[in-house]
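1. My questions concern the predicted model and sequence given below.
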Amino acid sequence: MHKKFFMIVIILLAVAAGLAASASVLHRSRGFDSQGDWMLKHMTRKLNLTTAQQTQIKSIMAEERTKITPLTEQLRQNAQAENATINGNFDEAKARAFADQQATIMSNLTVEKLRAKSKIYAVLTPEQQEKARQLAQRRLEHSKRRLEKTQQTAP
């Protein structure tokens, strides 16, 4: 029983560290980075944004970046600190505290990303909003298919 529990906790810690790392990578690669414009260029192309809309969205992204960057940095620093303390002795209280802390930060990060998304949607016309919803649905379906394919090939 203890071995199974220990393995679950180790997996959860690995997942939390992975989420921290992936949040950081996604943060930099999906348009909230200082290089700037990949997401905006993609949105402009797919949604046919006007110059005024591009300016507004760029401003929203810059504003949200100031909120998102510290959160992703906190995730990364917490994961690094936790990894540095692993010594072969499991402390459930510390593990739970770490997991709770990471979950809180991830929750705050999700709220900020949803806030940005909401502000961006408000800039779009109803037609652009519908097209954005369709594109998001296609991305979800594509991700689902990839996950199913991965699960089928896993041993």
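-> Looks like it came in fine. Numbering: from 1, shown residues only.
2. average pLDDT across stretch 87-100?
-> Mean pLDDT, stretch 87-100: 86.
3. for stretch 75-82, that is, sorry about that
-> In the prediction, stretch 75-82 has an average pLDDT of 88.
4. again, but for stretch 37-56
-> The model assigns stretch 37-56 a mean pLDDT of 91.
5. distance between the ends of it?
-> 13 Å (C-alpha to C-alpha, to the nearest Å).
6. Just give me how far it sits from the chain centre.
-> 21 Å (C-alpha atoms, centre = their mean, to the nearest Å).
7. cool, stretch 135-145 as well?
-> Counting by C-alpha atoms, centre = their mean, stretch 135-145 is centred 16 Å from the centre of its parent chain.
8. what comes up buried for that stretch?
-> For stretch 135-145, a neighbour-count test (16 or more other C-beta atoms under 10 Å) marks nothing as buried. For every residue, glycine as well, the C-beta is placed using N, CA and C.
9. outside of that stretch, which residues touch it?
-> Stretch 135-145 is contacted from outside by Lys46, using C-beta atoms under 8 Å, 6 or more residues apart in numbering.
10. Now do the helices in the protein.
-> 2-29, 38-47, 51-85, 92-123, 126-153 (DSSP state H).
11. and the shortest one, C-alpha only, in CSV?
-> Pointing back at helix 38-47 there. In CSV, the C-alpha atoms belonging to helix 38-47 read as follows (Å, rounded to 0.1, in the frame of the first residue of the first chain):
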residue,chain,number,x,y,z
TRP,A,38,3.7,34.7,-33.5
MET,A,39,0.2,34.4,-32.0
LEU,A,40,-0.8,37.8,-33.2
LYS,A,41,0.4,37.0,-36.8
HIS,A,42,-1.4,33.7,-36.6
MET,A,43,-4.6,35.4,-35.4
THR,A,44,-4.3,38.1,-38.1
ARG,A,45,-4.0,35.5,-40.8
LYS,A,46,-6.7,33.1,-39.6
LEU,A,47,-9.2,35.8,-38.4
